[in-house]
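Asker: got a sequence here, can you build the structure:
(chains A and B)
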Amino acid sequence: MLDQKLIREDPTFVEKKLSRRGKTFELSNLHQLTLKIKETDIELSNLQSESKKLSKLIGEIYQQNNDSAPDDFNKMKDQANNLKAKISNLEIKKRDLNKEILNELLKLPNFPSDKSPSGNDESQNVEIKKWGNPTIVNNQKSHWEIGENLNLFDSKRSSKISKSRFITLIGDGARLERALINFMLDTHFKKGYLELIPPALVNSDSLQGSGQLPKFSNESFKCSDDDLWLSPTAEVPLTAFHKDEIIDINKLPLKYVAYSPCFRREAGSYGKDTKGLIRLHQFNKVELYWFSDPKDSSEAHKKLTSDAEDILKKLELPYRVIDICSGDLGFSSSRTFDLEVWLPSSKMYREISSCSNCLDFQARRSSIRTKIDKKSLFLHTLNGSGLAIGRTMAAILENGQQKDGSVKIPDALIPYFGSSLIKSN
RNA sequence: GGAGAGGUGGCCGAGUGGUUGAAGGCGCAGCACUGGAAAUGCUGUAUAGGGGCAACUCUAUCGAGGGUUCGAAUCCCUCUCUCUCCGCCA
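Answerer: Have a look, this model is predicted:
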């Protein structure tokens, strides 16, 4: 959420900042509302102050048991009642204005960072780094072909259980998934991350706090009988973990690593990536999350990204880093580095992690603060996958495939998986 | 799901209608004392939004919302969360 005060004081500046997203944001209505609520608020406090004084006066007279002037007494009561009516009206007005403002405010995305490259869509994202040697081999099989051949997962039966875009992992496939989760958690744990396993169901407040609501309600699954949703990413419960808290500046940064299943409706992606492990309604993910001192968040962003990269390096998967341009940034993010892993079968890089610095955007929505010199301010939040498990498995299957149809397991993963090769049996 | 108990400041805990934003304690910070520390003493210590260059000041907030009243942490209603017992269950 953007700062209401900033919109009130300099709407043009805010519009200009937002316009880098490649759209025009018309804030004059919101601006008027913020002026109006301030005016209302001042009037309201004045009346409240008056009413409070009067009540105290009445109280004093009452306690002295001074019955000598009942007329004055009643006159004062009338006056107080009069004030009360005015106050009540203003309170309603203020509440309505507040609702309207919040409504608009919650729909505004974060400012793109000045450091984010300018651009309107993903074609203008900038590659800033490449690691490893992307291989192109003849007769390259897709990971879903490999998976089918080796009986690692079954998507047909899964659609019987649920619907399309669900997967059942089988045998070595299931074991590989588990090995990857443990490998990633251990690796991050050793770097000082605190491990969390958060709830998979989250309430509307939590989704609003991290930016999924109110704008993107059609992207998550909702439980019909409760105010609960299936979490689309651990970013949601991790943000909400410290909701309404003031965190000691000396304890920052807080670094969390969380394993969680993620659920996404993938509305609007019909026909895209219908096969394999790339785009599922349910997938596993290990998420990195930092609560940072505002002045350190840029550094933290680099660190978090490199911690996610480290998983790809250890797994010997070729990847590149993309600096997302201003027009392609996610709603809550001010700057994002995507990690894209090489998938030989499609001869392209696919997103496997998205590392974002949200600045104080989520912290303001979730009211998470810290204190510097007795002044409280919103801290900064950062998140990134470290990594998406299903896509990592896809990358391992494709990059590790051998001529005989077996798959080589990266050395770092062998202790977790238990063998160096997946072959048909 | 049934029955009961309860949600007060960073924490514990008092407070059943009138200067209560809230006693007391703990914790924390500063100062004094000390060679240094402990102990002790004094002072300070919520959040948000207004006004003021500032000292300061106004308003709101005792789980949330509504009601009664000139006045509510305190009374009434609704919701919510936590705890205990029973039932059920991994």
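
Asker: and A:Ser118, its phi and psi?
Answerer: phi -80, psi 140 (degrees, to the nearest 10).

Asker: list the contacts for it?
Answerer: Taking CB atoms under 8 Å, 6 or more residues apart in numbering, we find A:Ser118 in contact with A:Arg20, A:Gln124, A:Cys325, A:Ser326, A:Gly327. C-beta here means a position set from N, CA and C on the backbone, and glycine is covered the same way.

Asker: now the closest residue to the last one other than its chain neighbours: how far from A:Cys325?
Answerer: Pointing back at A:Gly327 there. Of all residues not flanking A:Gly327 in the chain, A:Gly22 sits nearest, at 3.5 Å (CB to CB, 6 or more residues apart in numbering). Distance of A:Gly22 to A:Cys325, given as CB to CB, to the nearest Å: 9 Å.

Asker: any residues in contact with both of the two?
Answerer: Counting by CB under 8 Å, 6+ apart, the contacts common to A:Gly22 and A:Cys325 are A:Gly119, A:Asn120, A:Asp121.

Asker: my read: the second one touches A:Gly327, true?
Answerer: Yes - A:Asn120 lies in contact with A:Gly327 (CB atoms under 8 Å); the separation is 4.0 Å.

Asker: so these two - more neighbours on which side?
Answerer: A:Gly327 (20 against 14; other CB atoms under 10 Å).

Asker: gap between the more buried one and RNA strand B?
Answerer: 30 Å (CB to the nearest atom of the strand, to the nearest Å).

Asker: now that residue. Its backbone dihedrals?
Answerer: Per-residue torsions, A:Gly327: phi -80, psi -10 (degrees, to the nearest 10).

Asker: what parts of chain A come near RNA strand B?
Answerer: Those residues of chain A that sit near RNA strand B, judged by CB under 7 Å from any atom of the strand, are A:5, A:8, A:38, A:41-42, A:44-46, A:48-49, A:51-56, A:58-60, A:62-63, A:77, A:80-81, A:84, A:95, A:246, A:369, A:371, A:376.

Asker: any low-confidence regions in chain A?
Answerer: Confidence mapping of chain A against pLDDT under 70 gives the ranges A:63-71.

Asker: now the residue nearest to A:Ala300 when sequence neighbours are not counted, which residues is it bridged with?
Answerer: Excluding its sequence neighbours, the residue lying closest to A:Ala300 (CB to CB, 6+ apart) is A:Ser292, at 4.4 Å. Beta-bridge pairing for A:Ser292 (DSSP bridges): A:His380.

Asker: give me the neighbour count for A:Ser292.
Answerer: By the criterion of other CB under 10 Å, A:Ser292 has 25 neighbours.

Asker: the one 4 residues further on now?
Answerer: A count of nearby residues for A:Asp296, using other CB under 10 Å, gives 15.

Asker: now do the strands in the stretch 101-250 of chain A.
Answerer: Under the criterion DSSP state E, counting those that start in this stretch, strands of the stretch 101-250 of chain A are mapped to A:126-131, A:153-154, A:168-169, A:194-196, A:201-202, A:229-230, A:245-247.

Asker: distance to A:Lys423 and mean neighbour count added to those, as a markdown table?
Answerer: Below are the strands of the stretch 101-250 of chain A laid out as a markdown table (distance: least, CB to CB, whole Å; neighbours: other CB atoms under 10 Å):
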| stretch | distance to A:Lys423 | mean neighbour count |
| --- | --- | --- |
| strand A:126-131 | 28 | 13 |
| strand A:153-154 | 16 | 21 |
| strand A:168-169 | 17 | 18 |
| strand A:194-196 | 33 | 14 |
| strand A:201-202 | 39 | 20 |
| strand A:229-230 | 36 | 20 |
| strand A:245-247 | 50 | 15 |
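
Asker: overlap in contacts of A:Asn120 and A:Gly327?
Answerer: When contacts are counted by CB under 8 Å, 6+ apart, the set common to A:Asn120 and A:Gly327 consists of A:Gly22.

Asker: more neighbours, A:Gly22 and A:Cys325?
Answerer: The neighbour comparison of A:Gly22 against A:Cys325 (other CB under 10 Å) goes to A:Cys325, with 23 against 17.

Asker: so what's the residue nearest to A:Ala300 up against?
Answerer: Contacts for A:Ser292 (CB under 8 Å, 6+ apart) come out as A:Leu252, A:Pro253, A:Ala300, A:Leu379, A:His380, A:Thr381, A:Leu382.

Asker: out of these, flag the one nearest to RNA strand B.
Answerer: Nearest to RNA strand B among these: A:Leu379, at 11.6 Å, using CB to the nearest atom of the strand.

Asker: how about the helices in chain A?
Answerer: Listed in chain order, the helices found in chain A under DSSP state H are A:4-9, A:11-19, A:28-63, A:70-105, A:143-149, A:155-161, A:172-190, A:204-210, A:235-241, A:297-314, A:361-366, A:389-399, A:414-417.

Asker: how about a markdown table for the ones you listed, with distance to A:Val257 added?
Answerer: Below are the helices of chain A laid out as a markdown table (distance: least, CB to CB, whole Å):
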| stretch | distance to A:Val257 |
| --- | --- |
| helix A:4-9 | 33 |
| helix A:11-19 | 32 |
| helix A:28-63 | 38 |
| helix A:70-105 | 31 |
| helix A:143-149 | 25 |
| helix A:155-161 | 28 |
| helix A:172-190 | 4 |
| helix A:204-210 | 17 |
| helix A:235-241 | 10 |
| helix A:297-314 | 9 |
| helix A:361-366 | 18 |
| helix A:389-399 | 13 |
| helix A:414-417 | 16 |
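
Asker: ok, back up a step: and the contacts of A:Ser118, which two are the farthest apart?
Answerer: Checked with CB to CB, the contacts of A:Ser118 reach their widest spread between A:Arg20 and A:Gln124, with 11.7 Å between them.

Asker: where do the contact lists of those two overlap?
Answerer: Common neighbours of A:Arg20 and A:Gln124 (CB under 8 Å, 6+ apart) are A:Ser118, A:Gly327.

Asker: re earlier: please tell me I have it right and the residue nearest to A:Gly327 contacts A:Leu329.
Answerer: No - when contacts are counted by CB under 8 Å, A:Gly22 is not listed as touching A:Leu329 (9.8 Å).

Asker: from RNA strand B, how far out is the closest residue to A:Tyr349 other than its chain neighbours?
Answerer: Using CB to CB, 6+ apart and skipping the chain neighbours, the partner closest in space to A:Tyr349 is A:Glu340 (3.6 Å). Using CB to the nearest atom of the strand, A:Glu340 is found at 37 Å from RNA strand B.
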